[in-house]
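K.L.:
Quick one: sequence and predicted model below, then my questions.
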Amino acid sequence: MRRFLVAIATAGIVLGACGGSGGGTVAAPTPTTTPAPTQKETSDQAMARLYELAKPEGTVAIYSSMNNDDAKKVFPLFEQTFPGVKVQHTRASGEDLVNKVVTEKRAGQDLMDVVESNLFEVKFIIDQGYTQKYKPASWEDFPEQLKDKDGAFIAARVNNDLPGINTTKLPAGVTIKTWADLCNPQLSGKIAVEQGDVVVYSALRKILGDAEAQRVLKCIAANKPSLRSGHTEMANLLAAGEFAVTLSSNGHRLAQLKNEDKKPIDWARTDPIITDVQGMAVANKPPHPNAGKLLMEWLTSPAGQMAIQSTGRVPASPKVLPRYPDLNNFAKSFYISVDLRTDFDKDSDFWRTTLGIK
């Protein structure tokens, strides 16, 4: 999910094969024919207007990293609210999502209406000129860190990245309150790290400072962590007792395991909480322009945020509390911003070298 370096490399191959380049001049987004409102609308008014325009379109196509289980809970609620407008959900993330969008666009295919995924990936797609600016009516409900000031993107959901703990496997006397606590020698061979989590290290550099972040990662590496691929699988293995702790797990999955599956799971109450932003944008040439904007309006509305809450994931709007409030009620959030892309190559090199990732 966070393998942005791979995503950029993959996209660059596609661009080169098609005669383009990642740093070249891109076409300006083509405006759609959706009539602009004559005055400021409420969320309900905007959706009512767009629904009438979307009915003849009949479909909205979203490319999203939202897993299929969550999508089966969220998108049917949209379809029930707006009969006659069906959601076509294409699940993709990381390099697969970037590669898919770039390949289609370079081939002259305009197949998506909305893209939604990790902010690094969405911002790359934005930078290629493949999206347009749009501010939904609920714009003011969202913190500035979760939207672009000019309307290039907005988030509908976030991920809290927290050290996961199996309470029955944690050695006696060991507590995990900070990332540095993972340096405890008693945790040797008992830690798991998702090998694509470079951005967690990037965030730690901003939170702890370069020297301390490097020290922490080095001592975690000295504890011989198990390198894993996939946060869901890693969380499931944590619950099964494969290891005692993780450097970073998706908070909502830990909460599901603890509260729904009654597993011996907890998480470190870090301060701050590293929070991954899931950006969302309208395509520059959407095949269903009104339906695309309608979906964005709904996902950012109270009803859409409640739908996201029902999956256990954390809604982006602070007006809708998480299903599991103890995921983010203990400290402020540190939002992963696009600024962290600046040193990504350097961070990736240090991460991979330190942890021995080939």
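P.N.:
Arrived safely. These figures come from a predicted structure and were not determined experimentally. Residues are numbered from 1 along each chain as shown.
K.L.:
can you map out the strands along the stretch 101-250 of the chain?
P.N.:
Assigned by DSSP state E, counting those that start in this stretch, the stretch 101-250 of the chain shows strands spanning 114-118, 131-132, 154-162, 164-166, 191-194, 226-228, 245-246, 249-250.
K.L.:
in its sheet, what does the fifth one sit against?
P.N.:
Partner strands and pairing direction for strand 191-194 (DSSP bridges) are strand 226-228 (parallel), strand 245-246 (parallel).
K.L.:
among the strands of the stretch 101-250 of the chain, which is the most enclosed?
P.N.:
Across the strands of the stretch 101-250 of the chain, averaging neighbours per residue (mean count of other Cβ atoms under 10 Å) puts strand 245-246 on top, at a mean of 30. Placement of C-beta: from N, CA and C, glycine included.
K.L.:
Work out the gap between that one and the centre of the chain.
P.N.:
21 Å (Cα atoms, centre = their mean, to the nearest Å).
K.L.:
Which residues does it contact?
P.N.:
163-166, 170, 176, 182, 187, 190-194, 234-235, 238 (Cβ atoms under 8 Å, 6 or more residues apart in numbering).
K.L.:
can you name the two of those residues that are farthest apart?
P.N.:
170 and 194 (19.2 Å; Cβ to Cβ).
K.L.:
and of the strands of the stretch 101-250 of the chain, who's closest to residue 279?
P.N.:
strand 154-162 (5.8 Å).
K.L.:
on contacts alone, who are the packing partners of that closest one?
P.N.:
strand 249-250, helix 251-259, strand 273-283, helix 289-300, helix 302-310, strand 314-315, strand 333-335 (3 or more Cβ pairs under 8 Å, 6 or more residues apart in numbering; DSSP states H and E).
K.L.:
Distance to residue 356 and mean pLDDT for the ones you listed - can I get that in a markdown table?
P.N.:
Listed next are the helices and strands packed on strand 154-162 as a markdown table, based on distance: least, Cβ to Cβ, whole Å; pLDDT from 0 to 100:
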| stretch | distance to residue 356 | mean pLDDT |
| --- | --- | --- |
| strand 249-250 | 21 | 96 |
| helix 251-259 | 26 | 96 |
| strand 273-283 | 23 | 97 |
| helix 289-300 | 40 | 98 |
| helix 302-310 | 37 | 97 |
| strand 314-315 | 32 | 96 |
| strand 333-335 | 27 | 96 |
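K.L.:
In JSON lines: the ones you listed, plus distance to residue 47.
P.N.:
Supplementary listing: the helices and strands packed on strand 154-162 in JSON lines, determined by distance: least, Cβ to Cβ, whole Å:
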{"stretch": "strand 249-250", "distance to residue 47": "30"}
{"stretch": "helix 251-259", "distance to residue 47": "26"}
{"stretch": "strand 273-283", "distance to residue 47": "15"}
{"stretch": "helix 289-300", "distance to residue 47": "5"}
{"stretch": "helix 302-310", "distance to residue 47": "9"}
{"stretch": "strand 314-315", "distance to residue 47": "17"}
{"stretch": "strand 333-335", "distance to residue 47": "27"}
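K.L.:
So which of the ones you listed is nearest residue 76?
P.N.:
Nearest to residue 76, of the helices and strands packed on strand 154-162 and by Cβ to Cβ, is helix 302-310 at 9.2 Å.
K.L.:
tell me how far the closest one is from the chain's mean position?
P.N.:
That offset, for helix 302-310, works out to 16 Å (Cα atoms, centre = their mean).
K.L.:
Buried residues, that helix. List them.
P.N.:
Neighbour counts over helix 302-310 (16 or more other Cβ atoms under 10 Å) mark 302, 303, 304, 305, 307, 308, 309 as buried.
K.L.:
Also stretch 258-277?
P.N.:
258, 263, 265, 266, 267, 268, 270, 273, 274, 275, 276, 277.
K.L.:
Can you tell me, leaving aside adjacent residues, what's nearest to the first one?
P.N.:
This points to residue 258. residue 265 (4.3 Å; Cβ to Cβ, 6 or more residues apart in numbering).
K.L.:
That neighbour pairs with what?
P.N.:
residue 166.
K.L.:
OK, contacts around it?
P.N.:
Counting by Cβ under 8 Å, 6+ apart, residue 265 makes contact with 164, 165, 166, 167, 238, 239, 254, 257, 258.
K.L.:
Tell me how many other residues crowd residue 299.
P.N.:
Using other Cβ atoms under 10 Å, residue 299 has 28 other residues around it.
K.L.:
Name the nearest residue to it, ignoring sequence neighbours.
P.N.:
In space, residue 299 is closest to residue 156, 4.3 Å off (Cβ to Cβ, 6+ apart).
K.L.:
quick one: the one you found from residue 314, how far?
P.N.:
With distances taken as Cβ to Cβ, to the nearest Å, residue 156 is found 10 Å from residue 314.
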